[in-house]
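Trainee: pasting the structure only:
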């Protein structure tokens, strides 16, 4: 199905560095979600964004809902080894199919201790 | 609080066998989703239930796939007969309602030989 453009595809960083990833779309979304998936586990919800321009933090994570409603970014500050995993963005539209999530392809994050 | 519970975590079976995957959603959630995740296609929505009623099964790949939700705390996804191309990780997710973020289980890793 349709996917969001998520970048970068992968990142290799040193422990303590900050990380930024983003998702863009040609369509407007009503809600942006960010998930993290560890190997052998399911995606875990990190942050949910509901309003254009909204900036929300969850510990060292900060995410923003773009003003145009077509993009979102996720920042991780002072990365630690347990931040390793795949990060997915997901968008949710208005309307009758608003239960459907459109997913990005994920950003694989590796943190070198 | 208990999250979405799926069983089994791993299933290996031979082609042609029937496979049944099980899901217990988070208590109080009225929306339940089944997804399939593969490297090639990412996360694909198979079917969506609302208040135990199937609302959208357009993602079910073939008639070999069926899903039921006999009550608010249990759902099954059945594949009969199974084929090697069905090998994937199958996730169940639930949400408070169709508008709220979805929470995923840890998945069933299915291998059809």
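Mentor: Received the coordinates, thanks. Remember, predicted model here, so these are calculated numbers, not experimental data.

Trainee: where does chain B come near chain A, residue by residue?
Mentor: Chain B has residues B:4, B:31, B:33, B:42-45, B:48, B:50, B:55-56, B:91, B:93, B:95, B:98-99, B:101-107, B:109 near chain A, with proximity defined as C-beta under 8 Å from any C-beta of the partner chain. Backbone N, C-alpha and C define where each C-beta goes, glycine included.

Trainee: repeat that for 10 Å
Mentor: Contact residues (C-beta under 10 Å from any C-beta of the partner chain) of chain B with chain A: B:3-4, B:6, B:9-10, B:31, B:33, B:35, B:37, B:41-45, B:48, B:50, B:55-56, B:58-59, B:89, B:91-93, B:95, B:97-107, B:109.

Trainee: Beta-bridge partners for the closest residue to residue A:100 other than its chain neighbours, please?
Mentor: Leaving aside its chain neighbours, residue A:100 sits nearest to residue B:45 (6.3 Å; criterion: C-beta to C-beta, 6 or more residues apart in numbering or on different chains). With DSSP bridges as the criterion, residue B:45 is bridged to residue B:35.

Trainee: Buried ones from the residues of chain B next to chain A, can you make that a ChimeraX selection?
Mentor: Here is the ChimeraX selection string for the buried members of the residues of chain B next to chain A, based on 16 or more other C-beta atoms under 10 Å in any protein chain shown:
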select /B:4,6,31,33,35,37,42,43,45,48,50,56,59,89,91,92,93,95,98,100,101,102,103,104,105,106,107,109
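
Trainee: So which of the residues of chain B next to chain A are in strands?
Mentor: B:6, B:10, B:31, B:33, B:35, B:37, B:42-45, B:48, B:50, B:55-56, B:89, B:91-93, B:95, B:103-104, B:109 (DSSP state E).

Trainee: what's the pLDDT at the residue located most distally from the centre of chain A?
Mentor: Going by C-alpha atoms, centre = their mean, the residue of chain A most distant from its centre is residue A:96, 24.0 Å out. Note for residue A:96: predicted pLDDT of 76.

Trainee: Which helix or strand contains residue 22?
Mentor: Let's take chain A. Per DSSP states H and E, residue A:22 falls inside strand A:19-24.

Trainee: Oops, wrong one, chain B.
Mentor: strand B:19-24.

Trainee: Span of stretch A:90-97 from start to end?
Mentor: 14 Å (C-alpha to C-alpha, to the nearest Å).

Trainee: Indicate whether it makes contact with chain B.
Mentor: Yes. Using C-beta under 10 Å from any C-beta, we find that stretch A:90-97 touches chain B at A:90, A:92, A:94, A:96-97.

Trainee: Perfect, that will be all.
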